[in-house]
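[1] Coordinates for the following, if possible.
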Amino acid sequence: MPITNVAIIGAGAAGLVTARELTRASMRVTVFEQSDAVGGIWVYTPHTEDDPLGQRGTHIHTSLYASLRTNLPRDLMAYIDYPFDSSGGGADDWQRFPGHTRVREYLERFARHFNVNADIAFETRVTHVRSDAQGGWRVHVTEQGREQHRHFDAVVVCSGHYTAPRVPVLPGTSDFPGTQLHSHNYREPTRYHNRRVALLGTAASGADLSREIATVASEVLWCGELFDALAQPQRRSGNLSRMPAIDALLPDGRLRLRGGSFTQPVDDLIYCTGYHYRYRFLDEGLLQCDDSWVRGLYRDILHIDHPTLGFIGVPFRIVPFPLFEMQARWLARLFTNRFHPPAAALMHAQTRAEIAELRDNGVKQRHFHQRTIDCYDYLDALANECGVAPIPDWHRHLAAAFLAHAQRHPGDVRDRPFPHFGPTVVPVDSTVA
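    Numbering: from 1, shown residues only. Prediction:
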């Protein structure tokens, strides 16, 4: 059946570019955004939740801390056809690794430039999505206290997956005397002045927070699986040590580490342990999420058994904005019958084979959607299948240069120059020949 009327859930980076691509393909879109602004996760607030672990009570969408800068250069991060400079949504003299306020500004300019704002229903929260007898979708929303529902031919979920904190279950949690916080509710380091602080998790937030807190704390213990192979704690700098992952919390404030060693008592423990995938507005039984694995998606985009339900932005540890853009183009061409995916049985078989390969390679289930910054094989597969131009070659060269740069300078990658490729204008002092 023809798809002409599409609901998009979320006006962050994924939702904005999806709205543009579907509109370009002559579909009518309505973007439902629960806040009063575009930007999604990039809309900073100093406020935090009542529950520092983010498991109950009032929910705040953003997970940004005040000092956050992108961990990708803006020339790599931008949408392919909307540069992060004065020719697009940024400025030539902005930092190559901009702060979150610049990213939000870029997204606001994108929404204005492509007139996406006209299709956004702000301060409108989606409460329930279910298939209806007409072969489409009934979307229930709450707007200014009023509940209503509307029919759509298709739904695209762009709600992100960095808002529901994942806190591992560790023995001794309830008897631990120190404070416990998930990085979702961290904003700035003042409260940790002259304290001994442990952080669990070695991805981007763990790296950033451990270094920032070390500027005020008496000691910082940065713990995680990445450091499990260390024969003994390793000093990264004066008061910052790298240690194996935490196995248990003790009533005297000590931590038992993987391998059997113990730390001294700590005052605070911060979980930098990622987030759950949650789509609670979807009708029960429509989608199964098990330990951060969203089951039954073809290409990490299309619900195989409900092929008018799409998801943009499920993969993580990627080059986000270009990936969202390519996924949205793929979905727009699918919805307008410009290409046809395999039969459902074949899509299920292909997805099962991909999951089996991940399991055989020892990949944990919660990492099934993890790709890499160098995710171009995936992007090329999407482009080839739907018949659009691939990501340009300069993008690959830039990604390779950045990854090599990050390996050489893991502690200050944002503040050292490295090669520049592509059309985006960046400050001369941030590049080398």
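[2] The stretch 301-433 of the chain: helices as residue ranges?
    Taking DSSP state H, counting those that start in this stretch to define them, one finds helices in the stretch 301-433 of the chain at 320-335, 344-360, 376-386, 393-408.
[3] Mind putting these into TSV with distance to residue 425 and mean pLDDT?
    Yep, even glycine has a C-beta here, placed from its N, CA and C like the rest. What follows is those, written out as TSV (distance: least, CB to CB, whole Å; pLDDT from 0 to 100):
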stretch	distance to residue 425	mean pLDDT
helix 320-335	17	98
helix 344-360	39	96
helix 376-386	23	96
helix 393-408	14	95
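[4] Point out the most buried one among the ones you listed.
    Ranked by mean neighbour count under mean count of other CB atoms under 10 Å, the helices of the stretch 301-433 of the chain are led by helix 320-335, which reaches a mean of 25.
[5] elements contacting that helix?
    Counting by 3 or more CB pairs under 8 Å, 6 or more residues apart in numbering; DSSP states H and E, the packing neighbours recorded for helix 320-335 are helix 13-24, helix 376-386.
[6] what helices or strands is the first one leaning on?
    Spelled out, that is helix 13-24. Where contact means 3+ CB pairs under 8 Å, 6+ apart, helix 13-24 is packed against strand 5-9, strand 28-32, helix 100-113, strand 154-157, helix 320-335.
[7] What strands line up against the fourth one, and which way round?
    On the basis of DSSP bridges, the sheet neighbours of strand 154-157 come out as strand 5-9 (parallel), strand 309-311 (parallel).
[8] could you dump those to CSV with distance to residue 321?
    CSV is the format used below for those (distance: least, CB to CB, whole Å):
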stretch, distance to residue 321
strand 5-9, 16
strand 309-311, 16
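[9] what's the burial count for residue 387?
    Applying other CB atoms under 10 Å, we find 11 other residues in the vicinity of residue 387.
[10] ok, it - contacts?
    Taking CB atoms under 8 Å, 6 or more residues apart in numbering, we find residue 387 in contact with 333, 338-339.
[11] Any idea which helix or strand in the chain has the lowest mean pLDDT?
    Across the helices and strands of the chain, mean pLDDT, DSSP states H and E gives its lowest value to strand 234-237, namely a mean of 68.
[12] Next secondary structure after that one?
    Next along the chain after strand 234-237, taking DSSP states H and E as the criterion, comes strand 240-243.
[13] Pull out the buried residues from stretch 113-133.
    The neighbour-count criterion (16 or more other CB atoms under 10 Å) identifies 114, 116, 119-121, 124, 126, 128-130 as the buried residues of stretch 113-133.
[14] err, stretch 68-87, not the other one
    Buried residues in stretch 68-87, counting neighbours by 16+ other CB under 10 Å, are found at 68-80, 82-85.
[15] Narrow those residues to those in strands?
    Secondary structure defined by DSSP state E assigns none of the buried residues of stretch 68-87 to strands.
[16] Look up which residues are beta-bridged to residue 179.
    Using DSSP bridges, the beta-bridge partners of residue 179 come out as residue 268.
[17] Okay, buried residues for stretch 203-222 please.
    For stretch 203-222, the buried set under the neighbour-count rule, 16+ other CB under 10 Å, comprises 203, 205-214, 216-217, 219-222.
[18] Among those, name the ones in strands.
    Secondary structure assignment (DSSP E) places 219-222 from the buried residues of stretch 203-222 within strands.
[19] Can you tell me which of those residues is closest to residue 45?
    Ranked by distance to residue 45 (CB to CB), those are led by residue 220 at 25.5 Å.
[20] surely the closest one meets residue 242?
    No - counting by CB atoms under 8 Å, no contact exists between residue 220 and residue 242, whose distance comes to 9.8 Å.
[21] Now do residue 207 against residue 410, distance only.
    Here the criterion is CB to CB, to the nearest Å. By it, residue 207 lies 8 Å from residue 410.
[22] Look up how far residue 364 lies from the residue lying farthest from the centre of the chain.
    Of all residues in the chain, residue 252 sits farthest from the chain's C-alpha centroid, using CA atoms, centre = their mean; the distance is 35.8 Å. Using CB to CB, one obtains 31 Å as the distance from residue 252 to residue 364.
[23] Quickly note the distance from residue 27 to residue 6.
    With distances taken as CB to CB, residue 27 is found 5 Å from residue 6.
[24] And these two? Which one has more around it.
    residue 6 (27 against 19).
[25] and the chain, what are its domains?
    Here the domain parsing of the chain from automatic domain parsing is 5-164+275-393, 173-271.
[26] circling back to that earlier point, can you list which of the buried residues of stretch 68-87 are found in helices?
    With DSSP state H as the criterion, helices contain 74-77 from among the buried residues of stretch 68-87.
[27] Before I go, just wanted to say thanks for your time.
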